[in-house]
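coordinates for the following, if possible.
(chains A and B)
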Amino acid sequence: DQQVKQNSPSLSVQEGRISILNCDYTNSMFDYFLWYKKYPAEGPTFLISISSIKDKNEDGRFTVFLNKSAKHLSLHIVPSQPGDSAVYFCAASADTGNQFYFGTGTSLTVIP
Amino acid sequence: DAGVIQSPRHEVTEMGQEVTLRCKPISGHDYLFWYRQTMMRGLELLIYFNNNVPIDDSGMPEDRFSAKMPNASFSTLKIQPSEPRDSAVYFCASSFIGTRGYTFGSGTRLTVV
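Residues are numbered from 1 along each chain as shown, chains lettered A, B, ... in the order given. Below you'll find the model as predicted:
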């Protein structure tokens, strides 16, 4: 059963606008969350993280929001750029080992 | 550091053949993970090792799949016999205790015809 869900397989956004990618999880023990970005023919690369003790983490154009009560997190990209076009994976981990559970990914296309 | 190195990058094989995928983790990392990427399930954990010992192999789909880590710098994922439904991209990732997050390799795209 999928413990981390990304219900939008794809998203298209105009350059300069905001991209919002969503992720839901079911396991209340998850306390650390990551977003990975993946270009074609490459491995996923780390983008941004957030711990459950925070509700927001910002890094440049990228901001991750965590709503623990709703078991929901989102990644905001502002402003979106064509180079942001990639597949974005959400991942979550509980404080029991180093195992992360990944979602199915959302393919973002930023239109110039 | 060269990062996590996987080989081959692409593998095309016939159904029934044995396939071996290889991974060299980042030096000093004590966790190694094998993931499979499919459209339906996204990144699916197959097995992971800590200090060369398999910790959780519950994600290995069938007995046809096996993984080994004979030393800290090398791991293999073997499929024998291979089937068309094994076609996917297989990723290896490594990390070390104290950090939360992985470094992924570039993946092996496996096609079984």
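
which one is residue B:72 nearest to, not counting chain neighbours?
Distances taken as Cβ to Cβ, 6 or more residues apart in numbering or on different chains place residue B:52 nearest to residue B:72, at 6.0 Å, with adjacent residues excluded. Bear in mind the C-beta positions are built from the backbone N, C-alpha and C, glycine included.

that neighbour contacts residue B:68, correct?
No: between residue B:52 and residue B:68 there is no contact under Cβ atoms under 8 Å: 9.2 Å.

chain B contacts on chain A?
A:2, A:6, A:32, A:34, A:36, A:41-46, A:49, A:89, A:91, A:93, A:97-105 (Cβ under 8 Å from any Cβ of the partner chain).

separate out the buried members of these.
With neighbours counted by 16 or more other Cβ atoms under 10 Å in any protein chain shown, the residues of chain A next to chain B contain buried members at A:6, A:32, A:34, A:36, A:43-44, A:49, A:89, A:91, A:93, A:98-105.

contacting residues around the residue nearest to residue B:72?
With contact set as Cβ atoms under 8 Å, 6 or more residues apart in numbering or on different chains, residue B:52 has these partners: B:69, B:70, B:71, B:72.

centroid-wise, who is the farthest residue in the chain?
Chain wasn't specified; assuming chain A. No residue in chain A sits farther from the centre than residue A:112, which is 22.2 Å out by Cα atoms, centre = their mean.

wrong one, chain B
Taking Cα atoms, centre = their mean, the residue of chain B most remote from its mean C-alpha position is residue B:98, at 22.2 Å.

which SSE is it in?
Using DSSP states H and E, residue B:98 sits within no helix or strand.

need the pLDDT of it.
In this model, residue B:98 is scored at 70, pLDDT.

quick check: nearest residue in space to the residue most central in space within chain B, chain neighbours excluded?
By Cα atoms, centre = their mean, chain B has its centre lying nearest to residue B:34, at 3.3 Å. Using Cβ to Cβ, 6+ apart and skipping residues adjacent in sequence, the residue nearest residue B:34 is residue B:46, 4.4 Å away.

surely the one you found meets residue B:35?
Yes: between residue B:46 and residue B:35 a contact is recorded at 6.5 Å, counting by Cβ under 8 Å.

out of the two, which sits in the busier spot?
Counting neighbours by other Cβ atoms under 10 Å in any protein chain shown for residue B:46 and for residue B:35 shows that residue B:35 has the greater number, 26 against 19.

hang on, the earlier thing: so what touches the helix or strand the residue nearest to the centre of chain B falls within?
Element membership of residue B:34 [criterion: DSSP H and E] is strand B:31-38. With contact meaning Cβ under 8 Å, 6+ apart, strand B:31-38 is reached by A:98-99, A:102, B:23, B:25, B:43-50, B:67, B:69, B:75, B:77, B:88-97, B:102, B:104, B:107.

now the buried members of those residues.
Using 16+ other Cβ under 10 Å, the buried members of those are A:98-99, A:102, B:23, B:25, B:43-50, B:67, B:69, B:75, B:77, B:88-95, B:102, B:104, B:107.

how near is residue A:17 to chain B?
From residue A:17 over to chain B the distance is 26 Å, taken as Cβ to the nearest Cβ, to the nearest Å.
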